[in-house]
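Visitor: prediction below, plus the sequence it came from.
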Amino acid sequence: MFSGMMMPIMINMSTINYALTATIGGILAVTRGLDIGGLASFLQYSRQFGRPINELSSQVNSLQAALAGAERVFEMMDQLPEPTDEENAITLSKVNGDVRFENVTFGYGPEKVILHDINLSVKPGNKIAFVGSTGAGKTTIINLLPRFYDIQSGKITIDGIDIKDVSRESLRKSMAIVLQDTHLFTGTVMENIRYGRLTATDAEVVNAAELANAHSFITRMPKGYQTVLDGDGSNLSQGQRQLLNIARATVAEAPILILDEATSSIDTRTEKLIEQGMDTLMQGKTTFVIAHRLSTVQNANEIIVLEFGNIIERGSHTDLMSKKGKYYQLYTGQFS
Ligand SMILES: Nc1ncnc2c1ncn2[C@@H]1O[C@H](COP(=O)(O)OP(=O)(O)OP(=O)(O)O)[C@@H](O)[C@H]1O
Ligand SMILES: [Mg+2]
């Protein structure tokens, strides 16, 4: 706003200045006999005087832009780095995938608690699903597992080891995560998928893409797997980005799999097609799934219904349907 105002103000001021000089000079010329030549040159001089000042104002604009940029740079520099691991942090090597939440309470800030006293236990190889309305805290639970945030009280364990005592790197290596918001980076499709596991061979990448049903659209692109994606994959559709992210999780081959709305932007037909691939992917892995389309969570070993950060119902699909509670409402509401 400041930069926008600067130029017109300066131009207006010099115009008013010109008008005042001309008027007063005119009056002086008539009443006091000021000579016209003197007045005319004085007006010229005052115009010339105004010009560099106008130029200065346009430089102030550039300065403003630079300052605004600098502010962002400093904001970035002020970001607190992730706290370092404890000195004798354990490195997880062989993970079975037994995950437990014990009385977990968590809030993003100290003033508002989001999750209240969550208790969960997932056996290795089982699939657990979270359902609930928007803002219920599903993504928040998922965020706690890889320690994107640390919990305030309670305990989360993997194979009986408290994740607080585990190094973040090895913890995250044991999980493949497809988040609600997809992230890709500038680089080829091949590199983007391989980001899941840097040691994967080209054949393994292609294999993962086939499993995620991304292979066909990738081969239709002008350079196939060597097509360069723009920043964050803006030259792809939302659904295609999700497919690439699923392929990336597939290639990771981690014992714990986390899918947060992984198929929300994919049409139902493609979803059906990747379902089989997903089943193969989930085999023998502890899987956490969040989905609004309840058809995708039906076969989970346990379904957890969340509301305002509390578990209000839990059980298998048939159990919950016969209970006729919140899950039943969500489910039938969706299909009636
Ligand atoms: N980074 C954050 N900082 C502070 N509060 C947050 C943050 N992320 C989420 N919240 C709050 O936590 C609550 C739960 O959010 P969460 O993302 O877990 O919902 P959700 O169940 O995943 O919803 P959706 O179905 O829309 O994905 C919301 O009330 C939200 O306002
Ligand atoms: Mg969410």
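Guide: Thanks, I have it. Numbering: from 1, shown residues only. Ligands and ions are numbered 1, 2, ... in the order given.
Visitor: got the domain ranges for this structure?
Guide: Domain assignment for the chain by automatic domain parsing gives 2-78, 99-335.
Visitor: so which of those domains comes closest to Leu92?
Guide: domain 99-335 (4.4 Å; C-beta to C-beta). C-betas here are computed from N, CA, C, even on glycine.
Visitor: related to what we said a few turns ago, tabulate the domains of the chain in JSON lines, adding columns for mean pLDDT, distance to ligand 1 and mean neighbour count.
Guide: Output for those, formatted as JSON lines (pLDDT from 0 to 100; distance: least, C-beta to the nearest ligand atom, whole Å; neighbours: other C-beta atoms under 10 Å):
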{"stretch": "domain 2-78", "mean pLDDT": "87", "distance to ligand 1": "17", "mean neighbour count": "12"}
{"stretch": "domain 99-335", "mean pLDDT": "86", "distance to ligand 1": "3", "mean neighbour count": "17"}
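Visitor: nearest to ligand 2, of those domains?
Guide: domain 99-335 (3.1 Å; C-beta to the ion).
Visitor: dump the domains of the chain into JSON lines; add distance to Leu92 as well.
Guide: Below are the domains of the chain laid out as JSON lines (distance: least, C-beta to C-beta, whole Å):
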{"stretch": "domain 2-78", "distance to Leu92": "31"}
{"stretch": "domain 99-335", "distance to Leu92": "4"}
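Visitor: nearest to Asp85, out of these?
Guide: domain 99-335 (4.7 Å).
Visitor: can the closest one be found next to ligand 2?
Guide: Yes: for a cut-off given as C-beta under 5 Å from the ion, domain 99-335 has contacts with ligand 2, namely 139, 180.
Visitor: off-centre distance for that domain?
Guide: Here domain 99-335 is found 14 Å from its chain centre; the criterion is C-alpha atoms, centre = their mean, to the nearest Å.
Visitor: same deal with stretch 325-336?
Guide: With C-alpha atoms, centre = their mean, you get 29 Å for stretch 325-336.
Visitor: what strand or helix carries Phe101?
Guide: Assigned by DSSP states H and E, Phe101 belongs to strand 99-106.
Visitor: beyond that strand, next helix or strand please.
Guide: Strand 99-106 is succeeded, C-terminally, by strand 115-122 (DSSP H and E).
Visitor: strand partners of that following strand, parallel vs antiparallel please.
Guide: Applying DSSP bridges to the sheet, strand 115-122 is found paired with strand 99-106 (antiparallel).
Visitor: residue boundaries of the strands in the stretch 101-250 of the chain?
Guide: 115-122, 127-132, 153-158, 161-162, 175-178, 187-188, 228-229 (DSSP state E, counting those that start in this stretch).
Visitor: related to what we said a few turns ago, determine which of the domains of the chain approaches Glu86 most closely.
Guide: domain 99-335 (6.5 Å).
Visitor: returning to that earlier point: any chance of the strands of the stretch 101-250 of the chain in JSON lines, plus distance to Gly196?
Guide: As requested, those are exported to JSON lines (distance: least, C-beta to C-beta, whole Å):
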{"stretch": "strand 115-122", "distance to Gly196": "22"}
{"stretch": "strand 127-132", "distance to Gly196": "20"}
{"stretch": "strand 153-158", "distance to Gly196": "20"}
{"stretch": "strand 161-162", "distance to Gly196": "24"}
{"stretch": "strand 175-178", "distance to Gly196": "7"}
{"stretch": "strand 187-188", "distance to Gly196": "13"}
{"stretch": "strand 228-229", "distance to Gly196": "15"}
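Visitor: for Pro146, find the nearest of those.
Guide: Nearest to Pro146, of those and by C-beta to C-beta, is strand 175-178 at 5.6 Å.
Visitor: now for that closest one, which elements pack on it?
Guide: Judged by 3 or more C-beta pairs under 8 Å, 6 or more residues apart in numbering; DSSP states H and E, strand 175-178 is in contact with helix 238-252, strand 256-260.
Visitor: other SSEs contacting the last one?
Guide: Same thing as strand 256-260. helix 138-144, strand 175-178, helix 238-252, strand 286-290.
Visitor: 7 Å instead?
Guide: helix 138-144, strand 175-178, strand 286-290 (3 or more C-beta pairs under 7 Å, 6 or more residues apart in numbering; DSSP states H and E).
Visitor: quick check: Leu53 touching Met10?
Guide: You called it Leu, but residue 53 is Ile. Yes: with contacts counted by C-beta atoms under 7 Å, Ile53 reaches Met10, the gap being 6.4 Å.
Visitor: now the helices and strands packed on strand 256-260 as TSV including distance to Glu102?
Guide: As requested, those are exported to TSV (distance: least, C-beta to C-beta, whole Å):
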stretch	distance to Glu102
helix 138-144	12
strand 175-178	19
strand 286-290	17
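Visitor: which stretch among the ones you listed comes nearest Ala254?
Guide: strand 175-178 (4.2 Å).
Visitor: pull up the pairing partners for the closest one, direction included.
Guide: Going by DSSP bridges, the partners of strand 175-178 are strand 256-260 (parallel).
Visitor: got the angle for the helix or strand just after the strand it pairs with vs strand 127-132?
Guide: Downstream of strand 256-260, the next assigned helix or strand under DSSP H and E is helix 268-282. Per axes from the mean of the first three to the mean of the last three C-alpha atoms, to 10 degrees, the angle that helix 268-282 makes with strand 127-132 is 140 degrees.
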